[in-house]
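K.L.:
Sequence plus the predicted model coming up.
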Amino acid sequence: MSLDLDRGSLQRTIRDTVPSVQRAFDVYQSSHFIGRPSEFFCLELCGEAGELANLEKKRWRGSSVDEAAVADEAADVFIALMNFCNARDIDLGDAVAQKLERIKPHHLP
């Protein structure tokens, strides 16, 4: 993928790829776990993001942090986000592409 990706290309890439990932998570979640309401997944997302933030806070304070633990927590955040979006019927690819349309890029000097 080019490092010079423009916003339109990024939006198309997101709209083309995220829906299949989101659907796969929905199929996996519904076939392997009991159903949960969106509120559960929202709280789970907050908890997982908090665990990730805690590791970053430790690193910021100068403590040694296991990079595998950081990656593991980032994966938990991603999974929780997929589950939340599926529980709320949010098309994440479309939502992100629309958000990118509203974000004003800051050009580097």
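P.N.:
That came through, no problem.
K.L.:
how about the helices in the protein?
P.N.:
7-32, 38-60, 67-87, 92-102 (DSSP state H).
K.L.:
And the longest one, what does it pack against?
P.N.:
The reference is to helix 7-32. Helix 7-32 sits against helix 67-87, helix 92-102, with contacts defined as 3 or more Cβ pairs under 8 Å, 6 or more residues apart in numbering; DSSP states H and E. (Each C-beta comes from the backbone N, C-alpha and C, glycine too.)
K.L.:
Can you tell me the closest non-neighbouring residue to D16?
P.N.:
Closest residue to D16 apart from its sequence neighbours, by Cβ to Cβ, 6 or more residues apart in numbering: G93 at 7.8 Å.
K.L.:
most packed of the helices of the chain?
P.N.:
Of all those, helix 67-87 carries the top mean neighbour count, a mean of 17, counting by mean count of other Cβ atoms under 10 Å.
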